[in-house]
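Visitor: Task: produce atomic coordinates for the following.
(one chain, ligands or ions: 3)
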Amino acid sequence: METVVDASTSEEANGSAVEKKPTVVFVLGGPGSGKGTQCAYIVEHFGFSHFSAGDLLRAEMNSGSENGLMIRSMINEGKIVPSQVTVNLLQQAMEESGNDKFLIDGFPRNEENRAAFEADTGIEPAFVLFFDCPKEEMERRILNRNQGREDDNIETARKRFKVFLESSLPVVEYYESIGKLQKIDAARAIEEVFESVKTVFASINEKED
Ligand SMILES: Nc1ncnc2c1ncn2[C@@H]1O[C@H](COP(=O)(O)OP(=O)(O)OP(=O)(O)O)[C@@H](O)[C@H]1O
Ligand SMILES: Nc1ccn([C@H]2C[C@H](O)[C@@H](COP(=O)(O)O)O2)c(=O)n1
Ligand SMILES: [Mg+2]
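Guide: Ligands and ions are numbered 1, 2, ... in the order given. A predicted model of the protein is given here:
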């Protein structure tokens, strides 16, 4: 599978400077597939900033903002929050980070998310990591997570799986169709999964050099 890194340059043919677009990697996978866990390792090894759309939405939900109640009700129903809310939170986090390499975890969750991010930022992902994991294993991981998430219960988890199949998998298939998908078998020990992740990022770095 071909890997494509954002090809924007810092200089145009006539010598005038142009702004280099940030490198964005989308990190997808079903609920509990291990996206956040692997992102923490990638940050340590490859210098990316990590933003989880779900974490940003939970922080917004708890901030007392005018969107808080709407976000809580969507999350507890396993539904996808309107894209403009999520894209605004992501853009703000990216701008404030001072970095130019981003792992965007749990996004885009549907076609509306994908199109809104591209329209608002003008950024296309360098590639998309997809953590592939059987439903039974994801369910086990969610129910054992113990991080106090309101949506980590069997009822909401099943709604999230349904939304993943109906709305998120088509986005994964889209990226596969344009040659940007890096599929990783996530049903292995954390360290084994990260070995595969490392191989993907190392091959990207080689192409950049
Ligand atoms: N490869 C693995 N093997 C066993 N447990 C794992 C593995 N990867 C992650 N876990 C555990 O499974 C739980 C879910 O992992 P994590 O939070 O990284 O998933 P996620 O994809 O970010 O989920 P969500 O979409 O719900 O945010 C955590 O308790 C984590 O420690
Ligand atoms: N792009 C996104 C990402 C997340 N959400 C909401 C709906 C999810 O069930 C919830 C938790 O996300 P996770 O932490 O599991 O990635 O957050 C959304 O609406 N849009
Ligand atoms: Mg997560």
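Visitor: show me where pLDDT drops low in this structure?
Guide: 1-16, 207-209 (pLDDT under 70).
Visitor: mind listing the helices for it?
Guide: Using DSSP state H, the helices of the chain run over residues 35-46, 53-61, 68-76, 83-97, 111-121, 135-143, 154-163, 169-177, 190-208.
Visitor: which of those sits most buried?
Guide: Stretch with highest mean neighbour count among the helices of the chain: helix 53-61 (a mean of 20; mean count of other C-beta atoms under 10 Å). The way it works is simple: take the backbone N, C-alpha and C, and place the C-beta from them, glycine included.
Visitor: wait, what's in contact with Ile80?
Guide: Taking C-beta atoms under 8 Å, 6 or more residues apart in numbering, we find Ile80 in contact with 74, 109-110, 112-113, 163, 167.
Visitor: so which of those would you say is closest to ligand 2?
Guide: Nearest to ligand 2 among these, counting by C-beta to the nearest ligand atom, is Arg109 at 3.8 Å.
Visitor: My guess is that closest one contacts Ser168. True?
Guide: Yes - with contact defined as C-beta atoms under 8 Å, Arg109 counts as touching Ser168 (5.1 Å).
Visitor: how far away is Ile123 from Ser63?
Guide: 26 Å (C-beta to C-beta, to the nearest Å).
Visitor: what about the two, which has more around it?
Guide: Higher neighbour count among Ile123 and Ser63: Ile123, with 18 against 11, using other C-beta atoms under 10 Å.
Visitor: Kind regards, and thank you for your time.
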